[in-house]
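*Asks:* From the sequence below, what's the structure:
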Amino acid sequence: MKKFGQGFIVGVLVTILLTSGIVMAADPIRLFVNGQEIQTDVAPQIIDGRVMVPAKFVAEPLGANVMWDSVGRAVIVRSIDSISYVDVSSLDLIDARKLSKDYNVKISGKVNQRGYTMSVNNKKIIVTNYVIMDSALYFYKDVLNQLGIQ
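*Replies:* Residues are numbered from 1 along each chain as shown. From the prediction side, this is the model:
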(Lines give C-alpha, C1' and ligand atoms only; values in the text may rest on other atoms or scores of the structure.)
Protein backbone atom coordinates (compact mmCIF):
# COMPACT_ATOMS: atom_id res chain seq x y z
CA MET A 1 0.00 0.00 0.00
CA LYS A 2 2.93 2.32 0.75
CA LYS A 3 4.28 1.85 -2.80
CA PHE A 4 0.84 2.60 -4.21
CA GLY A 5 0.71 5.90 -2.28
CA GLN A 6 4.18 6.93 -3.42
CA GLY A 7 3.38 5.98 -7.04
CA PHE A 8 0.12 7.90 -6.87
CA ILE A 9 1.85 11.05 -5.56
CA VAL A 10 4.61 10.79 -8.19
CA GLY A 11 1.96 10.32 -10.90
CA VAL A 12 0.02 13.40 -9.74
CA LEU A 13 3.21 15.50 -9.65
CA VAL A 14 4.25 14.39 -13.15
CA THR A 15 0.74 15.14 -14.46
CA ILE A 16 0.81 18.61 -12.89
CA LEU A 17 4.22 19.37 -14.35
CA LEU A 18 3.26 18.16 -17.82
CA THR A 19 -0.01 20.10 -17.93
CA SER A 20 1.13 23.28 -16.16
CA GLY A 21 2.04 25.05 -19.40
CA ILE A 22 5.76 25.29 -18.84
CA VAL A 23 7.06 26.70 -22.11
CA MET A 24 10.55 27.57 -23.17
CA ALA A 25 10.55 31.20 -24.30
CA ALA A 26 11.95 31.88 -27.76
CA ASP A 27 13.93 34.99 -28.52
CA PRO A 28 11.47 37.87 -28.88
CA ILE A 29 10.73 39.16 -32.39
CA ARG A 30 12.19 42.63 -32.86
CA LEU A 31 10.47 45.23 -35.05
CA PHE A 32 12.45 47.69 -37.16
CA VAL A 33 10.98 50.51 -39.27
CA ASN A 34 13.40 52.44 -41.48
CA GLY A 35 16.34 51.08 -39.50
CA GLN A 36 14.96 52.15 -36.11
CA GLU A 37 13.96 49.51 -33.59
CA ILE A 38 10.37 50.08 -32.46
CA GLN A 39 9.11 49.09 -29.02
CA THR A 40 5.51 47.87 -29.07
CA ASP A 41 2.99 47.44 -26.29
CA VAL A 42 2.08 44.02 -27.72
CA ALA A 43 4.99 41.87 -28.85
CA PRO A 44 5.10 40.72 -32.48
CA GLN A 45 4.30 37.03 -32.71
CA ILE A 46 4.23 34.20 -35.21
CA ILE A 47 0.75 32.78 -35.81
CA ASP A 48 0.22 30.03 -38.38
CA GLY A 49 3.62 30.74 -39.92
CA ARG A 50 3.02 34.48 -40.35
CA VAL A 51 4.58 37.28 -38.34
CA MET A 52 1.89 39.51 -36.82
CA VAL A 53 2.78 43.02 -35.65
CA PRO A 54 0.55 45.81 -34.35
CA ALA A 55 -0.33 47.99 -37.36
CA LYS A 56 0.03 51.22 -35.41
CA PHE A 57 3.72 50.65 -34.70
CA VAL A 58 4.53 50.10 -38.37
CA ALA A 59 2.22 52.68 -39.95
CA GLU A 60 2.80 55.69 -37.69
CA PRO A 61 6.61 55.83 -38.09
CA LEU A 62 5.98 55.78 -41.86
CA GLY A 63 3.73 58.83 -41.55
CA ALA A 64 0.33 57.14 -41.68
CA ASN A 65 -2.61 57.43 -39.32
CA VAL A 66 -4.17 54.31 -37.79
CA MET A 67 -7.77 54.21 -36.63
CA TRP A 68 -10.02 51.51 -35.21
CA ASP A 69 -13.57 51.25 -36.58
CA SER A 70 -15.37 49.42 -33.78
CA VAL A 71 -18.65 49.23 -35.69
CA GLY A 72 -17.08 47.73 -38.81
CA ARG A 73 -14.43 45.93 -36.73
CA ALA A 74 -11.69 47.15 -39.04
CA VAL A 75 -8.27 48.72 -38.73
CA ILE A 76 -8.04 51.71 -41.06
CA VAL A 77 -4.61 52.93 -42.16
CA ARG A 78 -4.46 56.22 -44.06
CA SER A 79 -1.28 57.62 -45.44
CA ILE A 80 -0.73 61.33 -45.14
CA ASP A 81 -0.95 62.86 -48.57
CA SER A 82 2.36 64.03 -49.87
CA ILE A 83 3.46 65.11 -53.28
CA SER A 84 6.48 63.54 -54.82
CA TYR A 85 7.70 64.09 -58.32
CA VAL A 86 9.32 61.43 -60.45
CA ASP A 87 11.13 62.20 -63.67
CA VAL A 88 9.18 59.77 -65.82
CA SER A 89 11.59 60.18 -68.71
CA SER A 90 14.23 58.42 -66.61
CA LEU A 91 12.04 55.32 -66.35
CA ASP A 92 12.27 52.82 -69.18
CA LEU A 93 8.50 52.42 -69.63
CA ILE A 94 6.15 51.64 -72.47
CA ASP A 95 2.44 52.48 -72.48
CA ALA A 96 0.16 49.42 -72.50
CA ARG A 97 -1.84 50.99 -75.34
CA LYS A 98 1.33 51.26 -77.44
CA LEU A 99 2.15 47.61 -76.72
CA SER A 100 -1.28 46.57 -77.97
CA LYS A 101 -1.36 48.86 -81.00
CA ASP A 102 2.23 48.77 -82.27
CA TYR A 103 3.24 45.22 -81.25
CA ASN A 104 -0.14 43.43 -81.29
CA VAL A 105 0.33 42.34 -77.65
CA LYS A 106 -2.82 41.09 -75.95
CA ILE A 107 -3.01 42.20 -72.31
CA SER A 108 -5.52 40.74 -69.90
CA GLY A 109 -6.40 41.75 -66.36
CA LYS A 110 -4.64 40.81 -63.19
CA VAL A 111 -4.17 37.12 -62.53
CA ASN A 112 -4.53 36.15 -58.85
CA GLN A 113 -3.31 39.66 -57.93
CA ARG A 114 0.11 38.68 -59.29
CA GLY A 115 0.22 40.70 -62.47
CA TYR A 116 -1.02 41.08 -66.01
CA THR A 117 -0.98 38.35 -68.62
CA MET A 118 0.57 39.31 -71.96
CA SER A 119 0.61 37.23 -75.09
CA VAL A 120 1.88 37.63 -78.63
CA ASN A 121 2.78 35.05 -81.31
CA ASN A 122 1.85 32.10 -79.04
CA LYS A 123 4.18 33.36 -76.27
CA LYS A 124 2.53 34.12 -72.94
CA ILE A 125 4.02 35.77 -69.84
CA ILE A 126 2.78 37.17 -66.54
CA VAL A 127 4.15 40.63 -65.81
CA THR A 128 4.25 41.78 -62.19
CA ASN A 129 6.28 44.98 -62.67
CA TYR A 130 4.07 47.80 -63.89
CA VAL A 131 3.29 51.44 -63.15
CA ILE A 132 -0.03 53.25 -63.19
CA MET A 133 0.27 57.00 -63.81
CA ASP A 134 -2.55 59.39 -64.64
CA SER A 135 -4.91 56.41 -64.99
CA ALA A 136 -2.71 54.86 -67.68
CA LEU A 137 -0.97 51.51 -67.43
CA TYR A 138 2.77 51.27 -68.23
CA PHE A 139 5.15 48.35 -68.32
CA TYR A 140 8.93 48.30 -68.21
CA LYS A 141 10.35 47.91 -71.72
CA ASP A 142 12.07 44.64 -70.83
CA VAL A 143 8.71 42.95 -71.52
CA LEU A 144 9.55 43.38 -75.21
CA ASN A 145 12.54 41.05 -74.74
CA GLN A 146 10.52 38.65 -72.59
CA LEU A 147 7.92 38.43 -75.35
CA GLY A 148 10.62 37.96 -78.00
CA ILE A 149 9.71 41.18 -79.79
CA GLN A 150 13.15 42.82 -79.55
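*Asks:* make it CA atoms for all contacts and neighbour counts henceforth
*Replies:* OK.
*Asks:* after the lowest-mean-pLDDT helix or strand in the chain, next one along is what?
*Replies:* Ranked by mean pLDDT, DSSP states H and E, the weakest helix or strand in the chain is helix 2-19, scoring a mean of 54. Sequence-wise, the next helix or strand downstream of helix 2-19 (DSSP states H and E) is strand 31-33.
*Asks:* Can you name every helix or strand that that following strand contacts?
*Replies:* Identification of packing neighbours for strand 31-33 by 3 or more C-alpha pairs under 8 Å, 6 or more residues apart in numbering; DSSP states H and E yields strand 36-38.
*Asks:* And what about V58, helix, strand or coil?
*Replies:* helix (DSSP: H, G, I helix; E, B strand; the rest coil).
*Asks:* N104: neighbouring residues, count only.
*Replies:* 13 (other C-alpha atoms under 10 Å).
*Asks:* Could you do M133 as well?
*Replies:* Other residues near M133 come to 9 when the count uses other C-alpha under 10 Å.
*Asks:* Could you list the low-confidence segments of the chain?
*Replies:* Applying pLDDT under 70 to the chain flags the ranges 1-26, 80-90, 110-114.
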